[in-house]
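Novice: Coordinates for the following, if possible.
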Amino acid sequence: MSTVYDYFWAADRATAVDWAIGPNGDWLHGGSLDAECADRLEVKRLDPNVVLGKLVSFAAGIPFGNVVDPELVWPDPGEWPYGRQPPPGSASPWDSGLILQELPESWRDTLAGVVDDAVPMLALQWLDIEEIRFADYLDAEDRVRTFVAMARRARSAGARLYCSCCV
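Specialist: Predicted coordinates:
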């Protein structure tokens, strides 16, 4: 079994939380991205921190260690520090397994700025990372094109990119 990651763009964090977790973070009675978000990508094994981060590092021409990390949006680490006991009669959002991260604006802009002629080389570089196995080169190239297109649409809308997953 592998983790499914949903990548999407939203105007702001509150909207992203409402769509991915539930209205105002109500994860017990929330909806789904299917109903709320038209522009989303659902993928397996393609985590934002390492796998997508490596694509961004290739596109930016910088070492992976210099890539800014995504920021945890939900559960809010300030409001719900991991390990804190929930108040009586409630449950901790950490128990849900739902996580929402906001991808850095620099990632959106780097991916949106990839020229079409650079996609084949990026796909070759990304195909060789050890953290994921693409079906073949065409699968890697298709994923690069998909992320580039989504980043361009998000930038055009003045929106941010997000990733939600259930662990």
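Novice: helices or strands up against the longest helix seen in the chain?
Specialist: Longest helix in the chain by number of residues (criterion: DSSP state H): helix 137-157. Applying 3 or more Cβ pairs under 8 Å, 6 or more residues apart in numbering; DSSP states H and E, one finds that helix 137-157 makes contact with strand 4-10, strand 40-44, helix 105-112, helix 119-127, strand 160-166. C-beta here means a position set from N, CA and C on the backbone, and glycine is covered the same way.
Novice: Counting neighbours, what do you get for residue 143?
Specialist: Close neighbours of residue 143, defined as other Cβ atoms under 10 Å, add up to 22.
Novice: Could you check how far it is from residue 161?
Specialist: 15 Å (Cβ to Cβ, to the nearest Å).
Novice: With residue 117 instead?
Specialist: Shown here: residue 117 relative to residue 161, a distance of 23 Å by Cβ to Cβ.
Novice: More neighbours: the two, which one.
Specialist: Neighbours per residue (other Cβ under 10 Å) separate residue 117 from residue 161, with residue 161 holding more: 27 against 7.
Novice: Now do the contacts for residue 163.
Specialist: Neighbour list for residue 163: 5, 6, 7, 48, 52, 70, 100, 101, 103 [criterion: Cβ atoms under 8 Å, 6 or more residues apart in numbering].
Novice: how about the last one, what does it touch?
Specialist: If I follow you right, that is residue 103. 48, 52, 70, 160, 161, 162, 163 are the contacts of residue 103 under Cβ under 8 Å, 6+ apart.
Novice: mind exporting stretch 158-167 as PDB, just the C-alpha atoms?
Specialist: Backbone C-alpha positions of stretch 158-167 (Å, rounded to 0.1, in the frame of the first residue of the first chain) are rendered in PDB as follows:
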ATOM      1  CA  GLY A 158      -2.000  34.300  -8.100                       C
ATOM      2  CA  ALA A 159      -2.600  31.100  -6.100                       C
ATOM      3  CA  ARG A 160      -0.300  28.800  -4.100                       C
ATOM      4  CA  LEU A 161       0.400  25.100  -4.600                       C
ATOM      5  CA  TYR A 162      -0.600  22.600  -1.800                       C
ATOM      6  CA  CYS A 163      -0.200  18.900  -1.100                       C
ATOM      7  CA  SER A 164      -2.500  16.900   1.100                       C
ATOM      8  CA  CYS A 165      -2.000  13.300   2.100                       C
ATOM      9  CA  CYS A 166      -3.300  10.800   4.600                       C
ATOM     10  CA  VAL A 167      -0.600   8.800   6.400                       C
END
